[in-house]
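A.B. asks: Here is the input, now give the coordinates:
(chains A and B)
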Amino acid sequence: MPPTLRVLRDALLGAGLLAGATSAPADDLTLDNAWLRAVPPVAPAMAGYFELYNRGNRSVRLDGAEVRFAGSAVLRETVVSKDGQRRERGLEEVRLDPGDRLRFRRGRRFLQLTALTDVPRAGQRVEVCLTFTNHGDLCADFEVRHSAP
Amino acid sequence: MLTVFRSWPVLAGLLLLAACAEPRQELPVNTRLGGDFTLTDHHGQPFRLADQQGRVVLMFFGYTHCPDICPATLARVSQVYRNLREAGDADAVQPLFITFDPSRDTPAHLSEYVPWFKANVIGLTGSEAEIRAVAEQYGVVYLQSGDGAAEYDFTHSDYVYLLDQQGRVRKLYPSDFNIDEVTDDVQSLL
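C.D. replies: Numbering: from 1, shown residues only, chains lettered A, B, ... in the order given. So this is what the prediction gives:
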């Protein structure tokens, strides 16, 4: 979603003018185990992982993220075929129904960051804002690590 | 424990059990995959696998634009290498990273990428034909997706290969291999 549209959408969500806005307060989503895999400073891309839990009573639709140091932050999925080949494909959005816990983890789903203007180092904590089509952004510090927490 | 070992019959029994434990199975040689090849290393110099004779090789195919599997696998290979270094065995082992994205993974780029893993990894690239030939030797399948787009990625197999001191394939691992298993397998060849 373009930044200008996102600002408009967030303003409307804040004013409760979009469907679902009033049913999705900020504390209805829980983000756990959020981290980015440490990569070399020249790496063109890096991946983020997290667990998202919908504690609310309405479905939400995750559609991407915004990250200060990445020109692009998209949801991706690794699909393994019967012959063992791996193929990555984009996810337009991921729906979380009430009570759903969504895990983004290595080799399955991940947040792909590309067009990196800066590559954070292991040990740093960087803000990543998950974005939704029917919910305000959910921002949190992701720790840069060599392996999963 | 000391009390137990005062009983010599018990100690003798334990020693007998240890002696009778099944010896580690020798890793079989895979005769369908592998072979010598020459590519270009991340210093821009020719690299021939046969020149590694006498060293165990851990080999992985990937590309540096790969955000998920490839850096994770290289990190695991690096951990194996660090384990071996702590055991004093690192000099007998050579990790290799072969890109199947030579247009972006130039020697210059690889020379900035692979040293970061601190595992003496040699990055290898070459012409598309050279890399394709090596991939076929090792049964690696990869397919560029994106049809000429500026940004593209690959559908690919992602096994890690263990080669013995004669360059023969002895075992394949999934990219999320068990680090202790690979460390033990390498040491079994030394």
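
A.B. asks: Just the strands from chain A, written as ranges.
C.D. replies: Here chain A has its strands, by DSSP state E, at A:29-37, A:45-54, A:60-67, A:70-80, A:86-90, A:94-96, A:101-104, A:109-116, A:125-132, A:138-145.

A.B. asks: Mean neighbour count and mean pLDDT added to those strands, as CSV?
C.D. replies: All C-beta atoms are positioned from the backbone trio N, CA, C, and that covers glycine. As requested, the strands of chain A are exported to CSV (neighbours: other CB atoms under 10 Å in any protein chain shown; pLDDT from 0 to 100):
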stretch, mean neighbour count, mean pLDDT
strand A:29-37, 18, 96
strand A:45-54, 21, 96
strand A:60-67, 21, 96
strand A:70-80, 16, 91
strand A:86-90, 15, 78
strand A:94-96, 17, 95
strand A:101-104, 16, 95
strand A:109-116, 22, 94
strand A:125-132, 20, 96
strand A:138-145, 16, 96
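
A.B. asks: What count of nearby residues applies to B:Gln166?
C.D. replies: Neighbourhood size, B:Gln166 [other CB atoms under 10 Å in any protein chain shown]: 12.

A.B. asks: Quick check: nearest residue in space to it, chain neighbours excluded?
C.D. replies: B:Gln53 (6.6 Å; CB to CB, 6 or more residues apart in numbering or on different chains).

A.B. asks: that older thread, which among the strands of chain A is found nearest to B:Ala75?
C.D. replies: Taking CB to CB as the criterion, strand A:29-37 is the member of these that comes nearest to B:Ala75, at 7.7 Å.

A.B. asks: strands paired with that closest one, and their directions?
C.D. replies: strand A:45-54 (antiparallel), strand A:138-145 (parallel) (DSSP bridges).

A.B. asks: Now render the strands of chain A as CSV, adding distance to B:Met59.
C.D. replies: Formatted as CSV, those follow (distance: least, CB to CB, whole Å):
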stretch, distance to B:Met59
strand A:29-37, 22
strand A:45-54, 22
strand A:60-67, 33
strand A:70-80, 21
strand A:86-90, 17
strand A:94-96, 35
strand A:101-104, 29
strand A:109-116, 25
strand A:125-132, 33
strand A:138-145, 26
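
A.B. asks: Now the phi/psi pair for the residue with the largest distance to the centre of chain A, please.
C.D. replies: Each residue of chain A has a distance to the centre, and by CA atoms, centre = their mean the biggest one is for A:Asp83: 29.5 Å. In terms of degrees, to the nearest 10, the main-chain angles of A:Asp83 are phi -90, psi 10.

A.B. asks: quick one: secondary structure of B:Tyr81?
C.D. replies: State at B:Tyr81, reduced to three classes by DSSP: H, G, I helix; E, B strand; the rest coil: helix.

A.B. asks: How far does stretch A:60-76 sit from its chain's centre?
C.D. replies: In terms of CA atoms, centre = their mean, to the nearest Å, the centre of stretch A:60-76 is set 5 Å apart from its chain centre.

A.B. asks: if we can go back for a sec, count of neighbours near the residue nearest to B:Gln166?
C.D. replies: Neighbours of B:Gln53 under the rule other CB under 10 Å: 13.

A.B. asks: For B:Leu163, see how far away the spatially most central residue of chain B is.
C.D. replies: Centroid check for chain B by CA atoms, centre = their mean gives B:Leu58 as the closest residue, at 2.0 Å. For B:Leu58, the distance to B:Leu163 (CB to CB, to the nearest Å) stands at 8 Å.
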